[in-house]
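Novice: Quick check, what structure comes out for this input:
(chains A and B)
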Number of protein chains: 2
Amino acid sequence: MDLSVLFFQIVAIIIALLAFGEAFWLYKWVVSRPSSNPRISEVGKLIQNGAKTFLSKEYKVLTRFCGIAAVIILILLPSPIWDGNPYNNILMSLSYLFGTIFSGIAGKIGITIATIANIKSAEASTKGIKPSFMAGFRGGAVMGMAVVGSSLLGVTLVLLLTNNTTALLGFSFGASSLALFAKAGGGIFTKTADISADLVGKVELGIPEDDPRNPAVIADNVGDNVGDVAGMGADLFDSNVASMAAALVMAVSLDRVKGGSLNASMVFCYAAIGLLASIIGVATARMGKNGSPTKALNSSTYVTTVIFAILTAVATYAFHFEWRIWIASAIGLSVGVIIGIASDYFTDDSKKPVHMVAKASESGPAFTILSGISYGFMSCLPAMAGIAVSALAAYKVCEPLGDGYAMFGISMAAVGMLSIVGMIISNDAYGPIVDNARGLVEMGNLGDEALEITDSLDSAGNTVKAITKGFAIGAAGLTVIALLGAFISEVNNAAIELGKETITGFDIMNPVVFFGLLIGAAIPAVFSAMLMLGVERNAQRMVAEIHRQFKEIIGLKEGKEGVIPEYDKCIEIATDGSLKELIPAGLFAIVTTLLVGFIGGVQAIGGFLTGNIVSGLLLALFMSNSGGLWDNTKKYVESGHHGGKGSDTHKSAVVGDTVGDPFKDTAGPSINTQITVVSLVASLMSTLFLTMSLFG
Amino acid sequence: MDLSVLFFQIVAIIIALLAFGEAFWLYKWVVSRPSSNPRISEVGKLIQNGAKTFLSKEYKVLTRFCGIAAVIILILLPSPIWDGNPYNNILMSLSYLFGTIFSGIAGKIGITIATIANIKSAEASTKGIKPSFMAGFRGGAVMGMAVVGSSLLGVTLVLLLTNNTTALLGFSFGASSLALFAKAGGGIFTKTADISADLVGKVELGIPEDDPRNPAVIADNVGDNVGDVAGMGADLFDSNVASMAAALVMAVSLDRVKGGSLNASMVFCYAAIGLLASIIGVATARMGKNGSPTKALNSSTYVTTVIFAILTAVATYAFHFEWRIWIASAIGLSVGVIIGIASDYFTDDSKKPVHMVAKASESGPAFTILSGISYGFMSCLPAMAGIAVSALAAYKVCEPLGDGYAMFGISMAAVGMLSIVGMIISNDAYGPIVDNARGLVEMGNLGDEALEITDSLDSAGNTVKAITKGFAIGAAGLTVIALLGAFISEVNNAAIELGKETITGFDIMNPVVFFGLLIGAAIPAVFSAMLMLGVERNAQRMVAEIHRQFKEIIGLKEGKEGVIPEYDKCIEIATDGSLKELIPAGLFAIVTTLLVGFIGGVQAIGGFLTGNIVSGLLLALFMSNSGGLWDNTKKYVESGHHGGKGSDTHKSAVVGDTVGDPFKDTAGPSINTQITVVSLVASLMSTLFLTMSLFG
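Specialist: Okay, the predicted model is just below:
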């Protein structure tokens, strides 16, 4: 490792520490906001404890799971311990554990601040929209800074300490393992609680949404935090690490051929600038006089984008990086924005799709579903075309730089798209915080004005969420294409070591590739089906428990003073069930990868990953967008259109929303993680697939 | 062309004529069945006329559409008329028209017999299950024989007369154009009528399913015929022709290298034997003493399968064909059966998925939808794995025969899978005939016993349909893989002529390929969304018309003697709307193909077709199977489970069924045709894509 890359690694570490500093300062700021309402504090405490219960159980299961995985890695990866250098195996196993720990800590920080900021934002709402917004936004920003800071720090440290890109993939795999649990497990948790609470509370008993008599009400609020805050954070931690890892694997291999460390330096430099831009964006976020929270969120995102583009241009000029690669990353960033806008079109309640679905709902729930599915299907085209065009453009722009640069260009487009991820996470975590705050305002009886304020904050969260979700899926798409490039690098490293032929690509007309392609394409469908059925089964368990409590706890149904339900029982069911239901789905994806690899070798895996990416993107976009569309359609009808609340149209829209919930919060976003996990498993196993396979 | 292939071509023509002979005999037999009930004849006549109205309108639009297409083909294909030999262009254009005419005639025959056989089957039901079954089955068999006879005859004649495999692709494209109209247009027609009749009749007014007061009731019955008989027939005509064309393109090119015509001979021989086996299967179909219609249908399918396997083995031995290719086609046939069984598992009402969805429906319609979608997603895996394994196995078995044989093996697996297509179509057309018969029995008041008989015939039709649908999708999957091989053959023929480099495959790591892949994968999603939204829009128009009639025709609602609704208005709306809604969807698929081809050249098209196949198979399987699952779940609940008819569970199941209708009868099965159309457009345009493209 020469001096130049070390310089950028140190810069990256400094900026990561700066992010932690900002996170700490924001944390202190949020905690120091006043809170005096005892009812809000009490309920807030229940939510905090519930979230803690979930996290500690999840981390217990994770410790076991990751412990076993670490041992398997120690024995088998990068090559069986009896074959190669045991030092590499130890390195690999430690990097893996390191990845899980870093992601775990970031999740813990996020949950902690989110369950404080919700209380503060609720209380501040009595003083106006600005303080309430700031509490919510800065709470989210703590999470954003912690996630991006720790991912940059982790990647930098691992490469600095090991000087081994395979170890980097191990680190990334650790982050993915955690993300799988956090995202899919959290997704099952939150929808289990949400659906059960609604089914018994609103539908059977006719009590309001956040009624404290409902034994599932706290679980429902906890769900927002574990699903949308911790889960989403782990997911983006994972994508961010994977994109940097893929870029570095290729950069280091390019640098090895060319000498020097220009490319690796560039990756660190760009990633550090991305984080710096987010730090500035977060610090300067203010709400204008007119107090539009959507505007405040969006304008700080745009500030971040512009700062990133300018600073990377300056750096490229100053350090003589390749301008073509700068263009690739700029393409990535702008396509990310375009995909976000397209997602917004299909889910925003001022646009045609929502209006059409609302109108169709007049004819009954079947038409809500049919039209929602149709628009969801349509929404795939712009995003997939965007990813296709940006990959092609990045490739073509960087191709003249020489062998291997084209693929590196794609990975830098992914890095560009994810550069502003700190800002994205801040905005995303803001959503559930103000959503929770709204619930607390209602439970604490803070008055109509406060409710109106938190309502408008909540609705801004939903609008921004659609854009950031599109961004996250787009970035994941480019990242996994880059991971495909990383996979080839890994295979060829192994092939050279084993004295085997290297590969240059995967020919579709090779039947082994096609075999992998078809099977790979079926995996995301089955994976999401398993998660959705898991939610259903788990909800049935919780509904039974709610029924039991209403039957056995005397005075509960009548709301007798002092009688409270056993909230923790419901939290327990949601927690245990989510972990139980997620493991078969995760194992299914991993085991199929191993099967295909050992049957068809690396060529089959190339096809498998491609099929997985293509159908995974399609289904993730379809499910996320139609879910968001149904959610906003319901809200649109509730705001008085087509008969408003209580009408038959509204009932149909509620059916759509219920279908959309596990679509957009459980299955859809978990597919990203599934693809990354499978890609990393494939890369890590490449030596084994090369040496042992039936048709390989 | 040497003597040997001529011999097999003559054999093929003789067997095709034999099939026409059998069709004619069966037709006479069906027509000679007694019909005496005036009410049934009257309603039957209305259905006949409605179907005729649809066909004549459709054929008028088709004449215009295909006329324009023929002119474009004349000018541009296989290469611009000013560049190449104009004789080839004339040949191409004529072959195209020939394909549309053959398919059109087969469809016309099918509709004609179906709208006679339904009356005969209804009347025969008073005499017992056997005569009623035979009338339905033999009516369907007329269609089966006509479709397969004319496809074999057409393919043979085109190759015999032109000795040009590109003309064969032109013929196949003609068949596909027609199938697109017949399948997608028919699918929109049938669901428009079905949904509108139910919405106003059952839901708003509470009158029974087949009530003659309902202005849409005849359109609904016509829909069964134009969607399920004519549409399905055109679809399988198309698949059958495409599989033979793909196999022949490769066989002829292999024979050219090797000398002789062994491979082309083999294709004709196998196809002829497949038809012969179906002729025997149809002729020997009888119902046993115990009278199980399902058994009768399945056993004749198995008879056909066994005859095909034995006779092709004998032929392979006698004519010294390659045994390895026989194995490939046997693999295709057996995997077809396996896929059929898997589809059956996910849709049969005695199996777990239906029971689980029925149980989930107790919690409301959202759960019907969620669990149905989940099982639909899961159902993709066995079928896709089956196609993947059979393609891989066929390839590997035939690879030792030399260059190009492996891909030819895959095409022969498709020919094997489609060998029994005559039997499949017979079984498939039987379904709507007895479904119609059931309606006629009810409208004609033929008594409970007759109703029970036609009910059991109908239910057998549904069970068999699930299997044949799986078969059709599987066969389409293999066929389009083979068409990918044909595409490469075409590209290389053109490349040699132009003095350009030939291609051997499509590398996924080539960004142009990946670009095509991502866009190709989005097409089936958008295409099916357009069709489903078309059904919705069209249904809105028809509902308005039904409302108008009930309002303006005095005495209609009250059922006053002699007052009849204007049935033909509804038929007109369904017809006009279906053609209007289908054209944008069809053009969308074709225009995107052209765009991708002119941007990325043949490499992008290779990726595009692959993405299209992979996501098309996934969505077609998902939609067909979840649609079938919801249909049977509703029937399962209606038969008294989970509260039976009228319960809340039943209401939820009805929502599932309504969503499932356009899934399984409009969008799902049309995707097959969309894939074939796009594949053929790509093959036909290969010269243009080679010479004019941005990045190619």
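Novice: Can you tell me the element the residue of the stretch 551-696 of chain A found nearest chain B falls in?
Specialist: Residue nearest to chain B within the stretch 551-696 of chain A: A:Thr658 (3.6 Å; C-beta to the nearest C-beta). Backbone N, C-alpha and C define where each C-beta goes, glycine included. Using DSSP states H and E, A:Thr658 sits within helix A:648-662.
Novice: The helix or strand just after that helix to helix A:648-662, inter-axis angle?
Specialist: Counting by DSSP H and E, the next helix or strand C-terminal to helix A:648-662 is helix A:668-684. Orientation of helix A:668-684 against helix A:648-662 (axes from the mean of the first three to the mean of the last three C-alpha atoms, to 10 degrees) gives an angle of 20 degrees.
Novice: other SSEs contacting helix A:668-684?
Specialist: helix A:165-179, helix A:232-258, helix A:448-498, helix A:511-552, helix A:567-638 (3 or more C-beta pairs under 8 Å, 6 or more residues apart in numbering or on different chains; DSSP states H and E).
Novice: Please identify the deepest-packed of the ones you listed.
Specialist: Mean neighbour count (mean count of other C-beta atoms under 10 Å in any protein chain shown) peaks for helix A:165-179 among these, with a mean of 30.
Novice: and that one, how far from the chain's centre?
Specialist: 16 Å (C-alpha atoms, centre = their mean, to the nearest Å).
Novice: And for stretch A:530-548?
Specialist: Its chain's C-alpha centre and that of stretch A:530-548 lie 24 Å apart, by C-alpha atoms, centre = their mean.
Novice: And the average pLDDT for that stretch is what?
Specialist: The average pLDDT within stretch A:530-548 is 91.
Novice: just stretch A:43-60 next, same as before
Specialist: pLDDT averaged over stretch A:43-60 gives 87.
Novice: Could you do stretch A:278-289 as well?
Specialist: 84.
Novice: For that stretch, give me every contacting residue.
Specialist: A:15, A:18-19, A:22, A:26, A:129-130, A:133-134, A:137-138, A:141, A:144-145, A:148, A:293, A:295-297, A:300-301, A:303-304, A:307, A:420-423, A:426 (C-beta atoms under 8 Å, 6 or more residues apart in numbering or on different chains).
Novice: tell me the angle the strand or helix carrying A:Ala313 makes with helix A:448-498.
Specialist: A:Ala313 belongs to helix A:293-319 when assigned by DSSP H and E. For helix A:293-319 against helix A:448-498, the angle by the same axes, to 10 degrees is 30 degrees.
Novice: wait, does stretch A:533-540 contact chain B?
Specialist: Yes. Counting by C-beta under 8 Å from any C-beta of the partner chain, contacts between stretch A:533-540 and chain B involve A:Leu533, A:Val535, A:Glu536, A:Gln540.
Novice: quick one: which of the residues you listed is nearest to B:Gly227?
Specialist: Nearest to B:Gly227 among the residues of stretch A:533-540 next to chain B: A:Leu533, at 31.5 Å, using C-beta to C-beta.
Novice: the inter-axis angle of the helix or strand harbouring A:Gly422 versus helix A:293-319?
Specialist: Element membership of A:Gly422 [criterion: DSSP H and E] is helix A:421-443. Helix A:421-443 runs at 160 degrees relative to helix A:293-319, counting by the same axes, to 10 degrees.
Novice: tell me what helix A:421-443 is packed against?
Specialist: Using 3+ C-beta pairs under 8 Å, 6+ apart, helix A:421-443 sits against helix A:38-76, helix A:86-124, helix A:129-162, helix A:232-258, helix A:262-284, helix A:293-319, helix A:448-498.
Novice: Please repeat the previous calculation with a cut-off of 6 Å.
Specialist: If contacts are counted by 3 or more C-beta pairs under 6 Å, 6 or more residues apart in numbering or on different chains; DSSP states H and E, helix A:421-443 sits against helix A:86-124, helix A:129-162, helix A:232-258, helix A:262-284, helix A:293-319, helix A:448-498.
Novice: quick one, which of those helices is nearest to B:Ala475?
Specialist: Nearest of those to B:Ala475, taken as C-beta to C-beta: helix A:448-498 at 31.1 Å.
Novice: Quick check: mean pLDDT of that closest one?
Specialist: 81.
Novice: Next, report how far it is displaced from the centre of its chain.
Specialist: Worked out by C-alpha atoms, centre = their mean, helix A:448-498 lies 6 Å from the chain centre.
Novice: Do that helix and chain B come into contact?
Specialist: No. Using C-beta under 6 Å from any C-beta of the partner chain, we find that helix A:448-498 stays clear of chain B, coming within 6.8 Å at best.
Novice: Next, the angle helix A:165-179 makes with that helix.
Specialist: Using the same axes, to 10 degrees, helix A:448-498 lies at 150 degrees relative to helix A:165-179.
Novice: Now do helix A:448-498 against helix A:129-162, angle only.
Specialist: Going by the same axes, to 10 degrees, helix A:448-498 makes 10 degrees with helix A:129-162.
Novice: what's the angle from helix A:448-498 to helix A:567-638?
Specialist: Going by the same axes, to 10 degrees, helix A:448-498 makes 110 degrees with helix A:567-638.
Novice: Check the gap between the most centrally placed residue in chain A and chain B for me.
Specialist: Centre of chain A computed as the mean C-alpha position; nearest residue by C-alpha atoms, centre = their mean is A:Asp235, 3.1 Å away. Distance, A:Asp235 to chain B, using C-beta to the nearest C-beta, to the nearest Å: 21 Å.
Novice: Name the nearest residue to that residue, ignoring sequence neighbours.
Specialist: Nearest residue to A:Asp235, sequence neighbours excluded (C-beta to C-beta, 6 or more residues apart in numbering or on different chains): A:Lys183, at 4.7 Å.
Novice: give me every residue that touches the one you found.
Specialist: A:Gly231, A:Ala234, A:Asp235, A:Ser670, A:Thr673 (C-beta atoms under 6 Å, 6 or more residues apart in numbering or on different chains).
Novice: Would you mind confirming that the fourth one is in contact with A:Gly185?
Specialist: Going back to what we said before, that points to A:Ser670. No. With contact defined as C-beta atoms under 6 Å, A:Ser670 and A:Gly185 do not form a contacting pair (9.2 Å).
Novice: And these two? Which one has more around it.
Specialist: Neighbour tally, A:Ser670 and A:Gly185, criterion other C-beta atoms under 10 Å in any protein chain shown: the higher count belongs to A:Gly185, 34 against 30.
Novice: ok, that one touching A:Ile583?
Specialist: No. Applying C-beta under 6 Å as the test, A:Gly185 and A:Ile583 come out as separate, 9.0 Å apart.
Novice: hmm, back to that, tilt between the helix holding A:Gly422 and helix A:232-258?
Specialist: Going by the same axes, to 10 degrees, helix A:421-443 makes 180 degrees with helix A:232-258.
Novice: Give me the mean pLDDT for helix A:421-443.
Specialist: Helix A:421-443 comes out at a mean pLDDT of 87.
Novice: Over to stretch A:591-598?
Specialist: Here the average pLDDT along stretch A:591-598 is 94.
Novice: Same question for stretch A:104-116.
Specialist: Rounded mean pLDDT across stretch A:104-116 is 89.
Novice: circling back to that earlier point, among the residues of stretch A:533-540 next to chain B, which one lies nearest to B:Val241?
Specialist: A:Leu533 (40.3 Å).
Novice: Skipping its backbone neighbours, what lies nearest A:Lys295 in space?
Specialist: The shortest distance from A:Lys295 to any non-neighbouring residue, by C-beta to C-beta, 6+ apart, is to A:Gly288 (6.6 Å).
Novice: wait, A:Gly477
Specialist: A:Ile387 (4.3 Å).
Novice: repeat for A:Asn436
Specialist: Per C-beta to C-beta, 6+ apart, closest to A:Asn436 is A:Asn118, 3.7 Å.
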